[in-house]
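[1] 3D model of this:
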Amino acid sequence: MSLPLVITAEDLVTHLQDDSLLILDTSKTENYIAGHILGAVHIAPSELQSGEKPGVGRIPSMEALSALFSRVGLTPDKHVVAYDDEGGGWAGRLIWTLDAIGHTNYSFLDGGLNDWTAKGLALETQTLSSPSNYVVSELNTEVIAETDDIIAQLGQSDFAIWDARSTGEYTGDKAFAPKAGHIPGAAHLEWTELMDKKNNLRLLPLENIQNMLNERGLTPDKNIVTHCQSHHRSGLTYLVAKILGYPSIKGYHGSWSEWGNLDHTPFETGNL
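    Next comes the predicted model:
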């Protein structure tokens, strides 16, 4: 199957009966139970993170990932469609995880459950899955940023950090770790600014998003690391950079929950 990286609800409807499709729903559990796209298998958002402090958002172990993707029925030939109920954070985190395990055959459902239900398309409450034996034997470190990787590149002209958190978290007015503020030099563009609130949380026109990134120096010629508090919200910013064709984008899975708890990490407060 050949589907583009971003698909619409109308696109997906025509492929629902295709056996090579694996639709993965990363919505809240109660929303999945209440109604989901036909054939969709649920991944609880917590299953995409290790949950271990301080970096609770770090990627799970290869054993845990193997168990997860075996449960949902992933096989190398499956084309994954990822969606959620919040505009793309968890779906983006899933796509980052797929990149990390080397499964690059996927699409993002623009607007996710919000757009699907707004258009009156069919939902079901039946829970189905066909487990597989998926083994994660290595991780692709080209998409995973670590704390020391970032420290080593701070101040380099070809390096940029995309902070996807709220303004208050970025300035240091809101603290969710012993350190409050941002990584020195980080550019701020909150993840929700990428969504069209008047169009069922679908992405804004890509030209608009690119202009916002250009204004902040987050240009495609740079090696970019994106993060939030736990690499959930930055799942969407990672995905958007991929959609825009950025050749070098990584997700900092430790994110601020890790950075803000370490003794040796520099930080700044206020606006740049």
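[2] buried set for stretch 213-224?
    Within stretch 213-224, the residues scored as buried using 16 or more other Cβ atoms under 10 Å are 213, 216, 218, 222-224. The C-beta positions use only the backbone N, C-alpha and C, and glycine is treated the same way.
[3] My error: substitute stretch 23-33 in the last question.
    Buried, per 16+ other Cβ under 10 Å, within stretch 23-33: 23-28, 31-32.
[4] so can I have a markdown table of the residues you listed showing secondary structure?
    Below are the buried residues of stretch 23-33 laid out as a markdown table (DSSP: H, G, I helix; E, B strand; the rest coil):
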| residue | secondary structure |
| --- | --- |
| I23 | strand |
| L24 | strand |
| D25 | strand |
| T26 | coil |
| S27 | coil |
| K28 | coil |
| N31 | helix |
| Y32 | helix |
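[5] can you name the two of those residues that are farthest apart?
    Greatest spacing in the buried residues of stretch 23-33, by Cβ to Cβ: I23 and K28 (16.6 Å).
[6] In a markdown table, list the buried residues of stretch 23-33 along with distance to N105 and pLDDT.
    Converted to a markdown table, these look like this (distance: Cβ to Cβ, whole Å; pLDDT from 0 to 100):
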| residue | distance to N105 | pLDDT |
| --- | --- | --- |
| I23 | 13 | 97 |
| L24 | 12 | 98 |
| D25 | 18 | 98 |
| T26 | 17 | 98 |
| S27 | 22 | 98 |
| K28 | 26 | 97 |
| N31 | 26 | 97 |
| Y32 | 23 | 97 |
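[7] Just to be sure, W162 is in a helix?
    No - counting by three-state DSSP, W162 is not part of a helix but strand.
[8] Surely G155 touches G185?
    Yes - with contact defined as Cβ atoms under 8 Å, G155 reaches G185; the gap is 6.9 Å.
[9] When these two are compared, which one has more neighbours?
    Neighbour count, other Cβ atoms under 10 Å: between G155 and G185, G185 has more, with 16 against 7.
[10] and the more buried one, how far is that from P220?
    Separation of G185 from P220 (Cβ to Cβ, to the nearest Å): 18 Å.
[11] Repeat that for L113.
    L113 is 30 Å from P220, where distance means Cβ to Cβ.
[12] One more: A67?
    36 Å.
[13] got any ranges where this structure has weak pLDDT?
    Within the chain, the stretches with pLDDT under 70 are 1, 272.
[14] can you give me the helices for it?
    9-13, 29-34, 62-71, 89-101, 112-118, 147-153, 167-171, 206-215, 233-243, 255-259 (DSSP state H).
[15] Can I get those in a markdown table including distance to W191?
    Formatted as a markdown table, these follow (distance: least, Cβ to Cβ, whole Å):
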| stretch | distance to W191 |
| --- | --- |
| helix 9-13 | 21 |
| helix 29-34 | 19 |
| helix 62-71 | 24 |
| helix 89-101 | 6 |
| helix 112-118 | 14 |
| helix 147-153 | 19 |
| helix 167-171 | 12 |
| helix 206-215 | 11 |
| helix 233-243 | 4 |
| helix 255-259 | 12 |
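[16] Quick one: closest of the ones you listed to T192.
    With Cβ to Cβ as the yardstick, what comes closest out of the helices of the chain is helix 233-243 (8.2 Å).
[17] ok now that closest one, how far from the chain's centre?
    Its chain's C-alpha centre and that of helix 233-243 lie 6 Å apart, by Cα atoms, centre = their mean, to the nearest Å.
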